[in-house]
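# Could you look at this predicted model? Sequence included:
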Amino acid sequence: MATPKKILVTQTRSINDTLEKHKRTIKALGLGRPHYVAIHNDTPAIRGMILAVQHLVKVEDAK
């Protein structure tokens with residue numbers, strides 16, 4: 001069985017002056033301040049969270 005694809009999520013903007021829902025999503029992704037990085041499996045749940053805060057994060061394939 002193949003290992004799941006990994007993605008690198010980097011927070012690019014501050015969560016100040018954002019909705020509380022977006023702040024909670026950023027925390028759930030393991031981020032919190034600009035330039036924090038988290039590695040996640042590429043799952044539909046994680047993709048949905050990223051879609052909700054796409055204006056605050058950058059996504060790349062993890063090597």
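Looks like it arrived, so ask away.
# what are the ranges of the strands in the protein?
Per DSSP state E, the chain carries strands over the ranges 6-11, 37-41, 57-61.
# Just say which of the ones you listed is most tucked in.
Most buried of the strands of the chain by mean neighbour count (mean count of other Cβ atoms under 10 Å) is strand 6-11; its value is a mean of 17. Where C-beta positions appear, they are placed from N, C-alpha and C, glycine not excepted.
# mean confidence for it?
If you average the pLDDT over strand 6-11, you get 98.
# What lies in contact with it?
The set of residues external to strand 6-11 that reach it, using Cβ atoms under 8 Å, 6 or more residues apart in numbering, is 26, 29-42, 46, 50, 56-62.
# hmm, back to that, Serialize the strands of the chain to CSV and add fields for distance to Asp17.
Putting these into CSV (distance: least, Cβ to Cβ, whole Å) gives the following:
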stretch, distance to Asp17
strand 6-11, 15
strand 37-41, 22
strand 57-61, 16
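# ok, Pro4 - contacts?
Contacts of Pro4 (Cβ under 8 Å, 6+ apart): Asn41, Asp42, Thr43.
# Check Arg13 too.
Contacts of Arg13 by Cβ under 8 Å, 6+ apart are Pro34, His55, Leu56.
# Looking at those residues, which is nearest Ile15?
Nearest to Ile15 among the contacts of Arg13: Leu56, at 6.7 Å, using Cβ to Cβ.
# ok, that closest one to Gly32 distance?
11 Å (Cβ to Cβ, to the nearest Å).
# follow-up on the earlier one: quick check: of the contacts of Arg13, which has the highest neighbour count?
Per-residue neighbour counts (other Cβ atoms under 10 Å) across the contacts of Arg13 peak at Leu56, which has 21 neighbours.
# Can you check which residues contact both of Leu56 and Gly32?
In contact with both Leu56 and Gly32: Gln11, Ile15, Ile26, using Cβ under 8 Å, 6+ apart.
# Out of the residues you listed, which is nearest to Lys5?
Distances from Lys5 to the shared contacts of Leu56 and Gly32, taken by Cβ to Cβ, are shortest for Gln11, at 20.6 Å.
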